[in-house]
Structure formats: C-alpha cells, structure tokens
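A.B. asks: this one's sequence-less:
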Ligand code: ADP
Ligand code: ASP
Ligand code: MG
C-alpha cells in the first residue's frame, strides 16, 4: 500500500473548524486507498506567542528552554487533529516527535534530524490508523527536546516521507502553490507549475518561507516528490521534483526576499591572517550561522568585516560582544537589523550571462543602494535597506517577466 504524507501549516489548523477540514482531507486520501501520515504545525500565531513570552523574560535565554516552550504548540494541534479524524469516523493516533524517536543533534532552536524510528508509525498504519505526528520537534540522544527552526514542520513531513518511502509529500498551506515571488508582496506574480529541487532549495534558503530549506534538501536527497497546495481550495499546486530540460529555458524563475537577517560589522580589525577564522569559529561554536560576508580592505593595516546572521541570533552575538572584539582586536562592532536580502534565482542562469548586471541596473533605476552582494551558479543576492524591499521585489519581477499582465475590467 502506498503512503502519502500530508503536512498542514499553522493557518490550516488555526481553529477547530479548520482542523475538521484537515481531518476530512486526511480521510479522503485514506479512502482513496493510501496509508496516511499527517504532520501538523502549531495553531496559527501560537509559536510566535510562545517565543514572545520567552523574549519578555530574556531574548538571549537558554536555547534549551526556548525549545521546551516552543515545542508545546504542536502537541496541542496533533491531539485536536487526531480527535477530529476519530470524530469523522476514521481511526487515528497522535505522536510527539520524541514518541517516534525523531532523533536530532543538540543544536537547540535549529536542530538537524539524524534518524527516525519508523517502527511505531508502521505498526499503527498497518492497524489501519491515520498517524498524526507533531512537526518541528525532536529529541537528542540525551532525550532533550529540540526544535528544527522556524518553519521546521515542513522538514518533519519530508523526512517522514523519505524514511517511509512515501509516494508523495503534500504540503498544504495558505497559498495554492509556489509563486515567482511572495504573492503577498506582488499580487499579480505568476504561479510556478513545477520547480526543480535545486531552484526550490535556493528559493527557500534565500527567504521564500513557503518551504523550509532542510525540507527541500531531504526531498532532493531522497527523491521525494513534494506538492505545495492550498488547504482552502481544491486545485492543483506546484510540484517540486527532478530538473527537466524545459526548466533551463527560464532564466530567472523567482525573486525572493528575506527580512529575518541582520548585518554585523566588525570595524577596524587587524588586517592579518587568522582574524576571520577566529571570529567565525567563535560564532560557529555557538551555533550561530553566518550567511553573506564582505571584507573591506581598509587603511593602515585595518579592515572591516561585515556579515549577516539571523536577527534572532543578534542577542546572542551581543552577549559575546566583548569576547569577539578582543579576539580579533576590533575597535568597534556595529549592528544593522534593518536590512533585507533580495535574490534572483533560476537554473537558466547556468547558461545565460548578464543577469547580475540587469539586477543591479534595475535596483539603481529605483535609487536603491546595494550594501552587499553574493552570487552562486543559479542565484544573485543583494542586501539592501529593508524599507525598499517591496519596491525592489516588484521592480525585479517586472524586469524578468514574472508578473501576469494586468487584466482590465
Ligand atoms: P504554513 O504555516 O502553512 O507553513 P508559511 O507562512 O510558513 O505557511 O508559508 C506560506 C507563506 O509563504 C505564504 O502565505 C506566502 O506569503 C509566503 N511566501 C513567500 N514566498 C512565497 C512564494 N514564492 N510562493 C508562495 N508563497 C510564498
Ligand atoms: N510552529 C513552528 C513555527 O511556527 C513550525 C512550523 O510552523 O513549521 O515556526
Ligand atoms: Mg511554514
């Protein structure tokens, strides 16, 4: 019997009425002859509410305790979902991450999945039950509760689909597919019917929060087809799968933005070997991920290094400030949390030149200053002032033909 994994995000389980609708969707797949595993997120706004409480006490509080707190949201929604399925006449059972031994490393607040024990799930599926599993959470070898990072329920779902050899992983959300930009910012942006894993990976890692980055990594590694679709309307979504030839014909397939980063500058550090290594090793030791890095060679043997980190990590860097300054003999550390990263992505960039130049000219024409740049084989990213995010995304969508013509009434 084939297995389908369905994942429902926060808005899809926002209240009990919506949870009943989720139950109906799970039962529909079950009646179509599949074994069904459902992963749910916390009810809309709940994870934010919990983390705001934590921040009221200490924004740089122990990551272990933040996970202990944040993981509770999903425990509520799995129980309600299982109850809803039973109410509609099918059999269901809910499990937390630790109950199915969703094993992770100990990177609290952004833990990585290491293994899953599928025996418990298979036993229940074989007994004819719909199995409902909490997204976002796991446990370490020492049975400490961890979370997979914001948006991590997608990763739970895809990892489950991989380990169970599922036919497909359906990600139900509040949009009806993946668009060439966030449809909340560009209402007339085009929907993408099918995307290569590689492109979706770049989109997710550069801010398209419709899918969690590690979910796409798992899907690519284990060849799990993902479908992103609406939990509110019955219509085809976007398939994420192996690259097919026609995809390379599109030069730029998406423009993404991320406003969850902050820029940190270590100013006037000694311009000699080992300084960058020392600074970034200290951050890596504290599980702080660094994204873009720029070094300006300064005057008189002094240089500046700027880099971006997640905004949520700023309080932890501020805690390390003295140590960091001493380590690299920097004179000053500056923070700019008001930045946005805008990226143009497309597998077609491998075979077409000049995309970066077109992107820079489009931003220049709108008088938008570029603070940092990075490129990969299929992506160009620019860091700009956060206030210009919408303007930049819209202008780039128009430049690269990613919007539908306005239909006049
Ligand atoms: P869920 O709670 O279901 O996981 P998310 O809020 O995490 O939902 O992700 C869905 C949201 O992702 C959409 O509401 C949309 O605003 C945003 N989004 C950003 N970029 C894109 C994109 N390129 N295509 C579709 N949605 C996008
Ligand atoms: N509830 C978690 C969050 O809000 C996980 C998720 O929704 O995917 O980040
Ligand atoms: Mg999400």
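C.D. replies: Yep, it's here. Being a predicted model, the structure only gives us computed values, none of them experimental. Ligands and ions are numbered 1, 2, ... in the order given.

A.B. asks: up against ligand 2, what does this protein have?
C.D. replies: Selection of the chain residues close to ligand 2 by C-beta under 6 Å from any ligand atom yields 9-10, 41-42, 47, 73, 135-136, 150-154. Any C-beta I mention is one placed from the backbone N, CA and C, and that applies to glycine too.

A.B. asks: try it again at 5 Å.
C.D. replies: Counting by C-beta under 5 Å from any ligand atom, the chain comes close to ligand 2 at 41, 42, 47, 136, 150, 151, 153.

A.B. asks: which of those lies closest to residue 316?
C.D. replies: Nearest to residue 316 out of the residues of the chain next to ligand 2 is residue 150 (C-beta to C-beta; 15.6 Å).

A.B. asks: my read: that closest one touches residue 50, true?
C.D. replies: No: contact criterion C-beta atoms under 8 Å: residue 150 and residue 50 do not qualify, at 11.8 Å.

A.B. asks: nearest residue to residue 1 in space, please, no chain neighbours.
C.D. replies: Excluding its sequence neighbours, the residue lying closest to residue 1 (C-beta to C-beta, 6 or more residues apart in numbering) is residue 35, at 5.2 Å.

A.B. asks: since we're on that neighbour, how many residues are nearby?
C.D. replies: Residues within reach of residue 35, counting by other C-beta atoms under 10 Å, total 23.

A.B. asks: residues from the stretch 51-200 of the chain in reach of ligand 3?
C.D. replies: residue 151 (C-beta under 5 Å from the ion).

A.B. asks: what about the helices in the stretch 51-200 of the chain?
C.D. replies: 63-70, 72-87, 119-126, 153-164, 197-205 (DSSP state H, counting those that start in this stretch).

A.B. asks: what's the answer for the stretch 251-400 of the chain, then?
C.D. replies: For the stretch 251-400 of the chain, the helices defined by DSSP H, counting those that start in this stretch cover 275-285, 314-327, 355-365, 389-399.

A.B. asks: deepest-packed of those, please.
C.D. replies: For the helices of the stretch 251-400 of the chain, average neighbour numbers computed from mean count of other C-beta atoms under 10 Å are highest in helix 389-399, which has a mean of 20.

A.B. asks: other SSEs contacting that helix?
C.D. replies: Contacts defined by 3 or more C-beta pairs under 8 Å, 6 or more residues apart in numbering; DSSP states H and E place helix 389-399 against strand 254-258, strand 339-345, helix 355-365.

A.B. asks: just give the strands next to the shortest one in its sheet, each with its orientation.
C.D. replies: On the basis of DSSP bridges, the sheet neighbours of strand 254-258 come out as strand 339-345 (antiparallel).

A.B. asks: the strand it pairs with vs helix 389-399, what angle?
C.D. replies: Counting by axes from the mean of the first three to the mean of the last three C-alpha atoms, to 10 degrees, strand 339-345 points 10 degrees away from the direction of helix 389-399.

A.B. asks: what's the mean pLDDT across strand 339-345?
C.D. replies: Summarised as a single mean, pLDDT over strand 339-345 is 97.

A.B. asks: picking that back up, to ligand 1, which of the helices of the stretch 251-400 of the chain lies closest?
C.D. replies: Ligand 1 sits nearest to helix 389-399 of all these, at 9.7 Å, using C-beta to the nearest ligand atom.
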